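Enquirer: starting from these lines, generate the structure:
(chains A and B)
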Amino acid sequence: MEFDLAFIWAGLIALAVLTYVILDGFDLGLGILFPFAKSNEERDLMMNSVAPVWDGNETWLVMGGGGLFAMFPLAYAVIMPALYIPIMLMLLALVFRGVSFEYRWRAQRYKWVWDAAFAGGSLLAAICQGIALGALVQGIEVEGRAYAGGWFDWLSPFSLTTGLAVAVGYALLGACWLIMKTEGDIHHHMRRLAVPLAIGTLALIGVVSLWTPFLDPVYFARWFNLPGSLWSFCVPALMAVLIWLLFSGLKSGKDQQPFFAALGIFTTCFIGLGVSFYPMMVPPSLSIWDAAAPDKSLSFTLVGAAILLPVILAYTAYAYWVFRGKMDPSEGYH
Amino acid sequence: MLDGTTAETLARIQFAFTVSFHIIFPAFSIGLASFLAVLNALWLRTRNDTYLTLFDYWKKIFAVAFGMGVVSGIVMAYQFGTNWSVFSDKAGPIIGPLMAYEVLSAFFLEAGFLGIMLFGRKRVGDRLHMFATAMVAFGTLVSATWILSANSWMQTPAGYSIAANGQFMPEDWWQIVFNPSFPYRLMHMVLAAFLTTAFVVGAVGALHLLRDRADKEARRMFSMAMWMALIVTPLQIFMGDAHGLNTLEHQPVKVMAMEGHYDSHPDGAPLILFGIPNPEEKRIDYAIEVPKLSSLILKHDLNAPMEGLDTVPDADEPPLTIVFFSFRVMVGLGFAMLAVGLWSGAARLRGRLYESPWLHRACLVMGPSGFVAVLAGWITTEVGRQPFTVYGLLRTSDSLAPVEAPAVATSLIAFVVVYFFVFGAGTAYILAMMNKRPATLRLGLRNAPVRAAGMLAPREIEPLTPKTQN
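Expert: Below is the predicted model:
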């Protein structure tokens, strides 16, 4: 049997995007929560908790974009012009928040500028990512090998809802990360904030989940006919377990359980999206195989990915391990 | 202002703008990462505090520059799709995997170990910290390798076929990666990055020497930078020449533009040192030229015939004026760097390396020369290969995404405003740090918490704490 290279690559890129979402999710979420911090010291601590890893987290976004370019150039060539405005805004937002990590420590009088840039950039990037997701789910018009829609096709009540959902969800991840990484006032503060954020996230996930099958009969069929309807049972069941873990973790004072439960919720949503999408790359018209690069490109890159991805995961895990445990407020190199 | 300006022109301006801003940071961080690895290794070997102080000083500057490089680089990864989607679709099967390899083998490596390099010395110990520092340096070089392979393939495509749907299909990856101009371009760029860093480090060293000749960190970094200037500049000039000969073989039209040869010279072409191109009349006005020297340099024969742009259809010509000037800026700066290198060598021989204020002043002025030379070099090679994105095969005008001028204009304005603001601020912070002595305990302007001695791991020995309060 031949390997279905396009399918493997679709899986790997999905994995890269998921890794991005859960890693940069908490790191953007922490930025969204920045204005809620009670003091400068709390903000220092929040930022320092991700300073050693944010670069690596954002590299998964480059992997997602670069991987799409490499392995599914047609999908990349269609999606980017279709999502021109949200993508551009996201990039600019990431510029602002990315530089704030270093600038903030160098500024004195204008420190508030970089506090605002960090918070605003994080929020805008999260919303844009959510909008891009929503726009992709609702479908992109393709003619020949190019995007054929208008400039504002991405803007709809649905995509705005997904934008909000992603931003609130990221904030939840950020709060849970801080619960795990901090002690004292900020820890308790985040634990209090996490409850409404969790309720908001789950409510928005509910709205988006119920809305999606009605966007396109194909999605509806996927969820309510066999064998897809098996997922309709599994995904909500898994979700229920994770929700219970999240709230019980928040309530009982466990430090790590809420974070991992929140990651699980994001992963489950991602699986749900995968169920809706498969086998499409750009709904409604481009399938994984329509958009794939030639086999020679796919196999050449797969060799490298097979060797390098495990190594990357290993040293990324190592970097997290080095900086594990609760933050020490007096540590930092600045 | 927008009337008559096409989406293509605007998209080209946008790409030129964002890529020019971007290249500044890697040009600096490639060299700086290696410099940091050397400093850290010297510290571990000699336990001389000067090296540790220098490491901690430049690492903070590196962190700011690297951050700017990362965020401006993410923009590049997406701009291919937003503005140049037809190019992405057609060249994606070849360019894409090269970039994917860059991400997999370099970006993750740099980002994964950067945190440990910046924050982790006390947590992982000296040896692993050295390993992390070396990995960051190695990552920057691997990154340069892949992206220059991709760029070189667009300049001198090889190992491909063209499919019925217009896509470039990979046939032989070895030929694609090691396409004809790649080794030359890679060496030229890596040396350029090293020189850029050397002249920045030299300028900072010179600044502090001008203030205090006894500043031992300033002396050390100035000396190291001047060794680089003395040794690497001649190598770079030699490499640049080899790269030029390679360009002559594979992209002769680009060389015509660089040389300012509108006309063919059947019996020996002159080397035009300077002049003002006159594109309407297709000649160089006020040219100062050395007869037959161009033929001698490029063909190693005084009377070798050289073809000019008169042999090329107008539609296939690059804009000569830009290429002509940018090439001269690059070469001129190269020779200025050589002069500084030789000057420092002479001063060193006389034992007056640290007591030559005029040399220090010259080095201060030359601080940004590497950046200007790198930009001028890239402008030469990128404008010189117009009007193609994939040389001779895919025209720039056929590469554009289905975007409209107002959308590109809006995003261009946004990029210009944001980049000048953000990277202007970053540059200001970097300059503010450089303005302080390396021995300054707190480089950040802010009163950051200083590590308390008691909280550190027990194996920490005394020299690890910054002894820099003096």
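Enquirer: helices or strands up against the one helix or strand residue A:74 maps to?
Expert: Per DSSP states H and E, residue A:74 falls inside helix A:73-82. Applying 3 or more CB pairs under 8 Å, 6 or more residues apart in numbering or on different chains; DSSP states H and E, we find helix A:73-82 packed against helix A:54-71, strand A:146-147, strand A:280-282, strand A:286-287, helix A:288-291, helix B:49-83, helix B:85-102. All C-beta atoms are positioned from the backbone trio N, CA, C, and that covers glycine.
Enquirer: around chain B, pick out the residues from the stretch 101-250 of chain A.
Expert: With the criterion set to CB under 8 Å from any CB of the partner chain, the stretch 101-250 of chain A comes near chain B through A:101-103, A:105-108, A:110-111, A:145-148, A:151.
Enquirer: give me that answer again for 7 Å
Expert: Residues of the stretch 101-250 of chain A lying close to chain B (CB under 7 Å from any CB of the partner chain) are A:101, A:102, A:103, A:105, A:106, A:107, A:108, A:145, A:146, A:147, A:151.
Enquirer: just the mean pLDDT for the next helix or strand after the helix holding residue A:74, thanks.
Expert: Note on helix A:73-82: by DSSP H and E, the next helix or strand toward the C-terminus is helix A:84-106. For helix A:84-106, the mean per-residue pLDDT is 86.
Enquirer: buried residues in the helix or strand just after helix A:84-106?
Expert: Scanning forward in sequence from helix A:84-106 by DSSP H and E, the next helix or strand is helix A:111-138. Neighbour counts over helix A:111-138 (16 or more other CB atoms under 10 Å in any protein chain shown) mark A:111, A:113-115, A:117-138 as buried.
Enquirer: mind checking how far the lengthiest helix in chain B is from the chain centre?
Expert: Taking DSSP state H as the criterion, chain B has its longest helix at helix B:7-46. Mean-position distance between helix B:7-46 and its chain equals 6 Å (CA atoms, centre = their mean, to the nearest Å).
Enquirer: what is the orientation angle of it with helix A:84-106?
Expert: 30 degrees (axes from the mean of the first three to the mean of the last three CA atoms, to 10 degrees).
Enquirer: is chain A contacted by helix B:7-46?
Expert: No: judged by CB under 7 Å from any CB, helix B:7-46 makes no contact with chain A; its nearest approach is 9.5 Å.
Enquirer: where does pLDDT dip in chain B?
Expert: For chain B, the stretches with pLDDT under 70 are B:1-4, B:441-470.
Enquirer: if we can go back for a sec, make CSV from the helices and strands packed on helix A:73-82 and add mean neighbour count to it.
Expert: What follows is these, written out as CSV (neighbours: other CB atoms under 10 Å in any protein chain shown):
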stretch, mean neighbour count
helix A:54-71, 26
strand A:146-147, 20
strand A:280-282, 23
strand A:286-287, 18
helix A:288-291, 20
helix B:49-83, 24
helix B:85-102, 26
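Enquirer: which stretch among these approaches residue B:222 most closely?
Expert: The closest of these to residue B:222 is helix B:49-83. By CB to CB, the value is 11.0 Å.
Enquirer: close to chain A, is that closest one?
Expert: Yes: Helix B:49-83 lies within reach of chain A by CB under 7 Å from any CB, at B:63-64, B:67-68, B:70-71, B:74-75, B:77-78, B:80-82.
Enquirer: what helices and strands are in contact with that helix?
Expert: Where contact means 3 or more CB pairs under 7 Å, 6 or more residues apart in numbering or on different chains; DSSP states H and E, helix B:49-83 is packed against helix A:54-71, helix A:73-82, helix A:84-106, helix B:7-46, helix B:85-102, helix B:108-119, helix B:216-250, helix B:405-434.
Enquirer: quick one: that helix to helix B:405-434, angle?
Expert: 180 degrees.
Enquirer: I'd like the distance from the helix or strand where residue B:287 lies to the chain centre, please.
Expert: With elements taken from DSSP H and E, the one containing residue B:287 is strand B:283-290. Its chain's C-alpha centre and that of strand B:283-290 lie 30 Å apart, by CA atoms, centre = their mean.
Enquirer: now it - C-alpha only, PDB.
Expert: Extracted C-alpha coordinates of strand B:283-290, given in PDB (Å, rounded to 0.1, in the frame of the first residue of the first chain):
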ATOM      1  CA  ARG B 283      23.900  56.000 -21.600                       C
ATOM      2  CA  ILE B 284      25.900  56.900 -18.500                       C
ATOM      3  CA  ASP B 285      26.500  60.600 -18.100                       C
ATOM      4  CA  TYR B 286      29.600  62.100 -16.600                       C
ATOM      5  CA  ALA B 287      31.100  58.600 -16.500                       C
ATOM      6  CA  ILE B 288      34.500  58.200 -14.900                       C
ATOM      7  CA  GLU B 289      35.900  55.000 -16.500                       C
ATOM      8  CA  VAL B 290      39.000  52.900 -16.800                       C
END
